[in-house]
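S.K.: below: sequence and its predicted model.
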Amino acid sequence: MQDEYIQRIIEAALLASPEPLSALRLADLFSADDAVPASAIARAIQALQAACAGRGLVLVEVASGYRYQVTREMQPWLARLHSERPPRYSRALLETLALIAYRQPITRGEIEQIRGVVVSSGIIRTLEEREWIRVLGHREVAGRPALYGTTRQFLDYFNLKALEDLPPLAEVRDFEDMAPQLALDEAGTADGASIASAAAPGVPPAHEIKEPFA
């Protein structure tokens, strides 16, 4: 099968999919008779990424795979398609999310100790409903408090492939600076390039987790 035709198939699949597609899932598009090697899929992805140069959309890789999304420069125009303003998040929610991302696995009590204020149940509920955080396990102390960590959906939403791609915490001067990115992703993601909606992996056994989810 010619590379150009492989590119067309992969492009169509990415545009039609409601979630990012990994290289393995893209390989499943082809039967054994097609004999499309992984190297050919990689070349097709690179060619499609190069073809986006100067356009209003890009092909990016996030934690769950590859997806098309619009560029930041297009956001002012795309925002006119939405009658409702994207949700804004409080500083308390953003600080809580950042602490979970950078310090996971972490308990609610530890978050409160660092911030010096009580973390409301509404904040935790909102983050769980967004599927940005999940319970990784429980710390083996009195009360066995839940240990929170981020999900693959969190990485996808912020265009990250892994937790290692987070900026150094010392560079995050104001967590409210994250708000414009939140607004952009709510209003500016192209059809076929939405945030991954697959469920996060199952919660591990109820004991203290040594490694954060990535």
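M.R.: Yes, it's here. Residues are numbered from 1 along each chain as shown.

S.K.: strands along this structure, start to end?
M.R.: 57-62, 65-70, 106-107, 133-138, 146-150 (DSSP state E).

S.K.: for residue 36, find the nearest of the ones you listed.
M.R.: strand 65-70 (15.8 Å; Cβ to Cβ). C-beta here means a position set from N, CA and C on the backbone, and glycine is covered the same way.

S.K.: and that closest one, how far out from the chain middle?
M.R.: The chain centre lies 11 Å from the centre of strand 65-70; the measure is Cα atoms, centre = their mean, to the nearest Å.

S.K.: now that strand - C-alpha only, PDB.
M.R.: Only the C-alpha atoms of strand 65-70 are listed here, as PDB (Å, rounded to 0.1, in the frame of the first residue of the first chain):
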ATOM      1  CA  GLY A  65      -2.400   9.000  21.200                       C
ATOM      2  CA  TYR A  66      -2.700  11.400  18.300                       C
ATOM      3  CA  ARG A  67      -5.400  14.000  17.600                       C
ATOM      4  CA  TYR A  68      -6.200  17.000  15.400                       C
ATOM      5  CA  GLN A  69      -6.900  20.300  17.200                       C
ATOM      6  CA  VAL A  70      -7.100  23.900  16.200                       C
END
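
S.K.: in terms of secondary structure, what does that strand contact?
M.R.: Judged by 3 or more Cβ pairs under 8 Å, 6 or more residues apart in numbering; DSSP states H and E, strand 65-70 is in contact with helix 3-16, helix 23-27, strand 57-62.

S.K.: now the helices: where do they sit in this structure?
M.R.: All helices of the chain, identified by DSSP state H, fall at 3-16, 23-27, 38-51, 75-78, 91-103, 108-115, 121-129, 152-157, 179-187.
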